[in-house]
Every structure is written in C-alpha cells, then in structure tokens.
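**Student:** Compute the structure for the input listed below.
(one chain, ligands or ions: 1)
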Amino acid sequence: MKTFKKVLALALATVMSAAVLTGCGQGSDGRTIIRIGHNQSTNHPTHIALVAFEEFIESKLGDKYDVEVFPSELLGSQNEMVQLTQTGAINFCVASNSLLETFSTNYTLFNLPYLFASAEAYHASMDDESITGPIFESTKDAGFEAVTWLDAGTRNFYTVSTPIETPADLKGLKIRVQQSPTNVQMMSLLGGSATPMGFGDVYTALQSKIIDGAENNELALTDNGHGDVCKYYSYDMHQMIPDILIGNIAFLDGLSEEERAIFEEGFQLVNQVQRTEWTDAVAAAKDRAANEQGVQFLYPDTKPFQEACAPMHEDMLAQYPDLTPIYDAIQVYNEQYPSAES
Ligand code: GCU
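**Tutor:** This is a model prediction of the structure:
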C-alpha cells in the first residue's frame with residue numbers, strides 16, 4: 001500500500017511539475033484544474049467537506065474549473081503539500097497549524113498547550129477574524145494564505161502499553177509529535193522524549209516500537225488504525241490545534257471579483273460541513289475504539305500537565321510581543337467560556 005502510494009505520488013508529482021513548467025493547469029476539456037491535497041482518509045470530515053466544496057464550485061463555475069481532491073497524502077506529506085501550494089504546483093492543501101509555525105512565527109500562538117479553556121472558547125476565537133486575520137495573512141509573502149480553519153478536536157496522549165495518568169508517566173517514553181518547535185518544547189516540559197515525524201509514518205513507527213506512543217484526536221485511533229496498537233488514550237487535553245486550508249496566493253489573486261466571492265462562499269461551506277461532521281465522527285471513533293479495538297479511555301487530572309506547560313505562554317509572548325493583543329483577545333473568550341473543570 002505504502003509503495004503504491006509512493007509510486008502514485010511520484011507520478012502525480014511528475015504530472016504536476018510538467019503542468020507548472022508549461023504554465024498550465026488545464027485539463028483536456030480546457031477547464032482549469034484546481035488541485036486540493038490533504039492527509040486524511042475519504043471517511044474523514046475534512047474530505048467530506050472538501051468534496052462539498054468541489055461540488056459547490058463546480059455547480060457555480062463548472063464550465064471553467066474542475067476541482068480535484070486528493071486524500072491520504074497522495075500528493076505528499078503535509079509539509080510537502082504546503083511547499084507545493086507555496087510554489088503553485090497545487091492550488092490548496094490542508095495543513096495542521098503546527099507545521100505552519102515554521103512558515104510564519106505568528107502561527108506559534110495556536111500551537112500553545114492549554115491556550116483555549118474550552119472547545120467553545122476555541123471555536124469562538126477561530127471564528128473571530130480580528131484574531132485569525134493577522135495570522136492567516138502572515139504568509140502572503142511566502143506565497144500562500146489561509147482561507148478557512150477546520151476542527152481537529154483536542155490532542156491527547158495515547159500509548160501502546162503505559163497508561164498516562166500524570167506527566168511523570170511520560171518519562172522515558174518516546175512520543176511522536178508533529179514537526180514543530182513548539183511541540184518539541186511541550187514534550188520536553190512534560191518529561192517525555194519528543195520524536196517528530198510526519199503523520200503518515202506514525203502507524204508503522206508504533207507497530208515497530210520505534211515510538212511508545214503519540215498524541216492526537218480520537219480519529220487517529222480509528223481512521224489511522226493507531227488504536228489497533230495503542231491501548232490507552234488519556235484525556236490530558238494538551239492542545240486544540242486547528243487544521244488550516246491554505247491557498248496559493250497567485251491563484252487566489254488571479255480570480256475575478258465575482259469568482260473570489262464564490263470561492264469565499266465555498267471556504268465557508270468547507271468550515272461548516274467539516275465542523276458539523278466532526279462532532280459525530282468523534283463520537284463514532286470513540287465508540288469504535290472502545291468496543292472494537294479495546295482502547296481504554298482515561299480521564300486524568302489535567303492540572304499537573306497544564307502547570308508543566310505554563311511557562312510556554314510567557315516565553316512565547318516575550319519572544320513575539322506583537323502577538324500579545326491576539327493572546328489577550330483569546331483570554332476574553334476563555335473567561336466567557338471557561339473550562340468545565342474550573
Ligand atoms: C490531525 C490533524 C492533521 C495532522 C495530524 C498529525 O489528524 O487533523 O492535520 O496532520 O493530526 O498529527 O500530524
């Protein structure tokens with residue numbers, strides 16, 4: 001399967017570089033092909049939302065555009081897809097906010113552990129353009145901008161054989177984290193050993209015991225099979241990291257005003273469909289993980305985890321003082337929608 005994916009990715013990369021070299025994203029029917037890549041399965045809320053986008057754009061502008069959605073890392077890892085979007089080899093991709101901090105330090109903010117007090121505070125913040133605007137636009141010079149955000153739930157630790165009840169339980173464990181400096185720092189403050197790698201490599205790393213565990217939302221257990229190997233999932237609730245739909249700037253700027261308005265409507269649709277699907281998908285994943293994969297869900301006291309990570313907030317604000325007003329605006333939502341535990 002892996003080899004098949006690699007061969008397919010290589011074939012696609014060849015086709016795409018040919019398209020870029022000849023300066024054309026044109027299909028044989030003369031329509032412009034819009035390529036969107038992501039790293040989730042076709043069951044995932046993100047894929048379902050992007051297919052709704054494809055249908056919407058083609059219903060409005062189908063004589064001109066042919067939208068194609070490529071799931072499951074078919075166009076490469078998330079990091080590779082961001083670079084393809086930057087250069088315009090593809091038009092859009094979904095990237096975790098984690099990875100984007102290496103393209104613009106503004107994205108560091110949403111990667112902070114325990115930034116949002118509750119899911120409600122997280123959603124309200126991400127829906128507030130005065131919060132997301134300065135971050136979403138910060139990569140324009142790098143060739144892309146964020147067009148909407150997607151829910152990726154809450155990230156929690158899960159391990160092959162060690163129940164995580166306190167940060168001390170992480171000691172000596174190799175835990176996969178996303179490839180971002182913030183995540184590596186978080187892991188070291190919590191006492192585990194950070195092993196950064198791409199999402200597509202995690203299952204094999206768990207199975208071959210290169211790592212002892214990972215951290216993610218519940219869908220990773222079922223959709224990516226991690227729950228076949230990891231039997232303890234511990235709700236320490238360390239991060240709510242959004243996924244971000246990013247688009248190539250030259251492509252977006254090349255749209256007419258009318259087209260851009262239709263695309264904006266499409267981006268909103270992606271957000272809405274994905275969030276609606278998300279809630280049911282998490283409930284179904286939890287049920288399947290517990291009943292079919294034998295995963296045990298644990299509910300530790302989150303305070304010790306939170307305290308271990310607390311210095312990261314001050315550190316970040318000291319390093320990037322321009323982010324202070326946005327951080328403060330998030331605190332207003334945190335007060336309005338406090339954690340159920342407080
Ligand atoms: C989640 C998230 C992905 C990300 C993945 C990861 O699944 O939705 O965008 O790639 O976590 O841990 O890498």
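**Student:** and the residue of the stretch 201-342 of the chain found nearest the ligand, bridged to which residues?
**Tutor:** Closest residue of the stretch 201-342 of the chain to the ligand, C-beta to the nearest ligand atom: Asp243 (4.5 Å). In this view, the C-beta of every residue, glycine as well, is placed from N, C-alpha and C. In this structure, Asp243 has beta-bridge partners Ser96, Leu150, where bridges are defined by DSSP bridges.
**Student:** Make sure it is actually in contact with Trp149.
**Tutor:** Yes. With contact defined as C-beta atoms under 8 Å, Asp243 counts as touching Trp149 (6.9 Å).
**Student:** Mind listing the shared neighbours of the two?
**Tutor:** Residues touching both Asp243 and Trp149 by C-beta atoms under 8 Å, 6 or more residues apart in numbering: Asn97.
**Student:** Next, the contact list for Asp243, please.
**Tutor:** Applying C-beta under 8 Å, 6+ apart as the definition, the contact partners of Asp243 turn out to be Thr46, Val94, Ala95, Ser96, Asn97, Trp149, Leu150, Asp151, Ala152.
**Student:** Could you tell me which residues of the protein lie near the ligand?
**Tutor:** Residues of the chain found near the ligand (C-beta under 6 Å from any ligand atom) are Asn39, Gln78, Ser96, Ala152, Gln178, Phe199, Asn216, Ala220, Asp243.
**Student:** And the strands in this protein, which stretches?
**Tutor:** In the chain, strands defined by DSSP state E lie at 32-37, 65-70, 92-96, 144-150, 155-159, 174-177, 193-196, 213-216, 232-239, 243-248, 296-298, listed in chain order.
**Student:** Which of the ones you listed sits closest to Asn106?
**Tutor:** Taking C-beta to C-beta, strand 144-150 is the member of the strands of the chain nearest to Asn106, at 10.4 Å.
**Student:** now the closest one and strand 243-248, what's the angle there?
**Tutor:** Between strand 144-150 and strand 243-248, the angle comes out at 150 degrees (axes from the mean of the first three to the mean of the last three C-alpha atoms, to 10 degrees).
**Student:** Pull out the buried positions in strand 144-150.
**Tutor:** Of all the residues in strand 144-150, those buried under the rule 16 or more other C-beta atoms under 10 Å are Phe144, Glu145, Ala146, Val147, Thr148, Trp149, Leu150.
**Student:** got a list of contacts for it?
**Tutor:** Residues from elsewhere that reach strand 144-150, judged by C-beta under 8 Å, 6+ apart: 45-46, 49, 82, 85-86, 92, 94, 97, 100, 103, 126, 132, 135-137, 139, 242-249, 252, 263-264, 267-268, 270-271, 274-275.
**Student:** ok, now stretch 212-221?
**Tutor:** Applying C-beta under 8 Å, 6+ apart, the set of residues contacting stretch 212-221 is 44, 152-162, 164, 173-177, 202, 206, 226-227, 230, 233, 238-239, 281-282, 285-286, 288-289, 293, 295.
**Student:** Mind listing what's buried along that stretch?
**Tutor:** For stretch 212-221, the buried set under the neighbour-count rule, 16+ other C-beta under 10 Å, comprises Asp212, Gly213, Ala214, Glu215, Asn216, Asn217, Glu218, Leu219, Ala220, Leu221.
**Student:** Grab the nearest non-local neighbour of the residue of the stretch 151-300 of the chain found nearest the ligand.
**Tutor:** Closest approach between the stretch 151-300 of the chain and the ligand, counting by C-beta to the nearest ligand atom: Phe199, at 3.4 Å. Closest residue to Phe199 apart from its sequence neighbours, by C-beta to C-beta, 6 or more residues apart in numbering: Asn39 at 5.4 Å.
**Student:** give me every residue that touches that neighbour.
**Tutor:** Residues near Asn39 by C-beta under 8 Å, 6+ apart: Pro71, Ser72, Glu73, Ser77, Gln78, Met81, Val94, Phe199, Gly200.
**Student:** 10 Å instead?
**Tutor:** With contacts defined as C-beta atoms under 10 Å, 6 or more residues apart in numbering, the neighbours of Asn39 are 46, 70-78, 80-81, 93-96, 198-200, 224, 243.
**Student:** taking the residues you listed one by one, which sit in helices?
**Tutor:** With helices taken from DSSP state H, the overlap with those comprises Thr46, Gln78, Glu80, Met81.
**Student:** Now the residues you listed in JSON lines, please, with extra columns for distance to Leu189.
**Tutor:** Below are the ones in helices among the contacts of Asn39 laid out as JSON lines (distance: C-beta to C-beta, whole Å):
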{"residue": "Thr46", "distance to Leu189": "30"}
{"residue": "Gln78", "distance to Leu189": "24"}
{"residue": "Glu80", "distance to Leu189": "29"}
{"residue": "Met81", "distance to Leu189": "30"}
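**Student:** quick check, nearest of those to Pro113?
**Tutor:** Distance ranking of the ones in helices among the contacts of Asn39 against Pro113, using C-beta to C-beta, places Gln78 first at 20.3 Å.
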